[in-house]
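give me a 3D structure for the following:
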Amino acid sequence: MKKMTRKQAERLAKNYPDALDVGDVAAILKYNPKTVLKIIAAGKLSVIMIGRKYIIAKEDLIELMSE
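This is a model prediction of the structure:
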């Protein structure tokens with residue numbers, strides 16, 4: 001994952017809601033949704049499951065992008 005500053009990460013995610021799904025994260029990162037699922041499986045991104053759907057906090061994604 002490309003390293004960036006927190007401000008850059010916030011700018012990329014600013015037009016998205018605070019609760020993201022895998023498709024939103026894939027769009028922000030310009031990754032395939034399967035790659036996002038691999039990041040989640042590796043434990044790099046925390047999620048909440050609602051039914052069969054993963055929900056990711058935008059703040060958690062920003063933290064991951066700015067590490």
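
and after the longest strand seen in the chain, which helix or strand comes next?
Secondary structure of the chain per DSSP state E: the longest strand is strand 53-57. Heading C-terminal from strand 53-57, the first helix or strand you meet, by DSSP states H and E, is helix 58-65.

can you give me the strands in the chain?
Taking DSSP E as the criterion, the chain carries its strands at 19-20, 48-50, 53-57.

pLDDT at Met1, what is it?
As predicted, Met1 sits at a pLDDT of 74.

what separation is there between the residue in the chain sticking out farthest from the centre and Val22?
What lies farthest from the middle of the chain is Gly51; by Cα atoms, centre = their mean that is 18.7 Å. Here Gly51 is placed at a distance of 13 Å from Val22 (Cβ to Cβ, to the nearest Å). Any C-beta I mention is one placed from the backbone N, CA and C, and that applies to glycine too.

report the contact partners of the nearest residue to Leu12 once chain neighbours are set aside.
Spatially, and ignoring its direct neighbours in sequence, Leu12 is nearest to Ile28 (5.5 Å; Cβ to Cβ, 6 or more residues apart in numbering). Ile28 makes contact with Leu12, Ala13, Tyr16, Leu20, Leu61, according to Cβ atoms under 8 Å, 6 or more residues apart in numbering.

repeat the analysis, applying 7 Å as the threshold.
Ile28 makes contact with Leu12, Ala13, Tyr16, Leu61 under the criterion Cβ atoms under 7 Å, 6 or more residues apart in numbering.

could I get those residues as TSV with distance to Leu45?
Formatted as TSV, the contacts of Ile28 follow (distance: Cβ to Cβ, whole Å):
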residue	distance to Leu45
Leu12	15
Ala13	13
Tyr16	15
Leu61	7
